[in-house]
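Student: Got a sequence here, can you build the structure:
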Amino acid sequence: MSKPVPPITKYMTTSPHTIGAEQTIANAAQLMATHKIRHLPVLHGGKVVGVLSQRDVSMIESLKDVDPKIVKVEDAMSGSPYLTDAETPLTEVASTMAEHKYGSAIVMQNNKVVGVFTTVDACRVLAEVFETRLR
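Tutor: Have a look, this model is predicted:
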């Protein structure tokens with residue numbers, strides 16, 4: 001008999017930090033460094049319009065003659081983030097992320113960001129599953 005697949009809420013990072021689309025890359029870099037995170041849902045008018053990754057920030061910071069204090073988040077973000085409902089099964093989220101090579105899923109509930117699930121979170125789940133099965 002197999003156990004039911006838990007919803008993504010069991011494994012996501014809760015209370016995620018977000019950033020406004022009009023904020024600068026320098027602000028985003030500071031927020032990521034302070035909270036030791038690699039993904040920021042990007043909001044405009046309270047709605048998710050993108051996701052900014054540490055890779056996006058690093059790319060902007062590496063460009064010669066580009067000032068991260070001037071470049072806006074909306075100019076560096078990925079504009080089509082993977083949004084999923086809080087009750088979506090973990091297997092569905094992980095499969096979608098793998099199929100589309102997404103680095104993160106933004107978890108929504110009642111049109112609000114309630115969590116972020118990343119590839120690092122997926123690795124933690126995998127380790128937990130194997131540890132449990134091999135005991």
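Student: any idea how far the closest residue to G79 other than its chain neighbours is from S15?
Tutor: If you skip the residues right next to it in sequence, G79 has G50 as its closest partner in space, 4.8 Å away by Cβ to Cβ, 6 or more residues apart in numbering. Any C-beta I mention is one placed from the backbone N, CA and C, and that applies to glycine too. Separation of G50 from S15 (Cβ to Cβ, to the nearest Å): 20 Å.
Student: Between those two, tell me which one has more neighbours.
Tutor: Just comparing G50 and S15: by other Cβ atoms under 10 Å the higher neighbour count belongs to G50, 21 against 8.
Student: which stretch of helix or strand covers that one?
Tutor: Per DSSP states H and E, G50 falls inside strand 47-53.
Student: Quick check: buried residues in that strand?
Tutor: By 16 or more other Cβ atoms under 10 Å, the buried positions in strand 47-53 come out as 48-53.
Student: Just list what that strand packs against, helices and strands only.
Tutor: Helices and strands touching strand 47-53, by 3 or more Cβ pairs under 8 Å, 6 or more residues apart in numbering; DSSP states H and E, are strand 39-44, strand 104-109.
Student: want to throw those strands into JSON lines with mean pLDDT, distance to E131 and mean neighbour count?
Tutor: JSON lines is the format used below for those (pLDDT from 0 to 100; distance: least, Cβ to Cβ, whole Å; neighbours: other Cβ atoms under 10 Å):
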{"stretch": "strand 39-44", "mean pLDDT": "97", "distance to E131": "25", "mean neighbour count": "22"}
{"stretch": "strand 104-109", "mean pLDDT": "96", "distance to E131": "23", "mean neighbour count": "22"}
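Student: Thank you, goodbye.
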